[in-house]
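J.: Dropping a prediction and its sequence here:
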Amino acid sequence: MGLALTTTDVKFETRTVHAIRGLESRTIAKLESEGWELVSQQPGRLRTELSFRRPKPKTRWLLWTAGGGGLAAVIAVVIVLGIIGERNTPPAKTPASEQSLASQTPSPSPSVEPSKGDSSQQPENQILTPENNAELAAVLALTDYCDPSIAAFAGAYNGRTISFPGNIQDLTPHGSATTRYDILIGAGDYSQTTGTGPAFQFRDENTTNDLHFIGSVPDTIGIGTNLEVTAQLKAYETNSCLFLLEPVSTTVR
């Protein structure tokens, strides 16, 4: 008579997500770090559908090799012993002196430390940078462009002007226009495999006039161009995770 362990066959769970065009690599890297395997991707005009899978956790079953009755008997004994143990265990008592002390001891008041990036401590006309605003520095370092802290940042600093090193991650015509574009902006230097920061977007902008270039400008710009971006925080779209910017000035790095 003995115990035997069996395991079920490996089965997969699946997941489908929609990534903003230009940010597929960031989404794939994030999910792969969680154990998901990319199965397929279907690009669309604005978004790419990504399908993933990963093995479901194996279910382990404990079987009583002498027959089902043996297992039932073991369970019954455990339940009976548990009931007896509960009945025989006296309830814990708190000494009267401790009860009196607890009733007389006031609860400590929680301390709140001011945020280094508190907008109330900075002039409204001050341009926010990663160097002078800790909250901006934090969101620019995020690897998840749908992180909830981005929406919180947008709510706190809506209408303010920010400046940061960025790059063009995607550039597509706006609708049927031929000279106006939707430009996806990431933080830091361009990389084909990694990226950080929110999914910033210049929407329906003309690359010749609307970006307000300063200094030397190449004949063409496109995916992979590194920029120094100064822009006004316009709106954050929670359904798409796009953070819209209004260009103030742009410098090619």
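T.: Looks like it arrived, so ask away.

J.: what are the ranges of the strands in the stretch 51-200 of the chain?
T.: For the stretch 51-200 of the chain, strands defined by DSSP state E, counting those that start in this stretch occupy the ranges 60-64, 161-173, 181-187, 196-205.

J.: Which one of these lies nearest to Val248?
T.: Nearest of these to Val248, taken as Cβ to Cβ: strand 161-173 at 6.0 Å. The C-beta positions use only the backbone N, C-alpha and C, and glycine is treated the same way.

J.: Where does the prediction get shaky in the stretch 51-200 of the chain?
T.: 58-122 (pLDDT under 70).

J.: Let's see that with 90 instead.
T.: Low-confidence segments of the stretch 51-200 of the chain (pLDDT under 90): 56-125, 192-194.

J.: Which parts of it are helices?
T.: Taking DSSP state H, counting those that start in this stretch to define them, one finds helices in the stretch 51-200 of the chain at 68-88, 96-104, 134-140, 148-157.

J.: Please enumerate residues in contact with the shortest one?
T.: So the one you mean is helix 134-140. Helix 134-140 has contacts (Cβ atoms under 8 Å, 6 or more residues apart in numbering) with 115-117, 128-131, 147, 149-150, 153, 156-157, 162, 164, 187-188, 196-198.

J.: what bridges to Phe12?
T.: Legend: beta-bridge partners of Phe12 under DSSP bridges are Pro55.

J.: Tally up the residues packed near it, please.
T.: 11 (other Cβ atoms under 10 Å).

J.: What of the one 3 residues further on?
T.: Residues contacting Arg15 under the criterion other Cβ under 10 Å number 13.

J.: For it, give me its contacts.
T.: Neighbouring residues of Arg15 by Cβ under 8 Å, 6+ apart: 31, 36, 51-53.

J.: any chance of those in JSON lines, with neighbour count too?
T.: Listed next are the contacts of Arg15 as JSON lines, based on neighbours: other Cβ atoms under 10 Å:
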{"residue": "Leu31", "neighbour count": "18"}
{"residue": "Trp36", "neighbour count": "19"}
{"residue": "Ser51", "neighbour count": "15"}
{"residue": "Phe52", "neighbour count": "22"}
{"residue": "Arg53", "neighbour count": "14"}
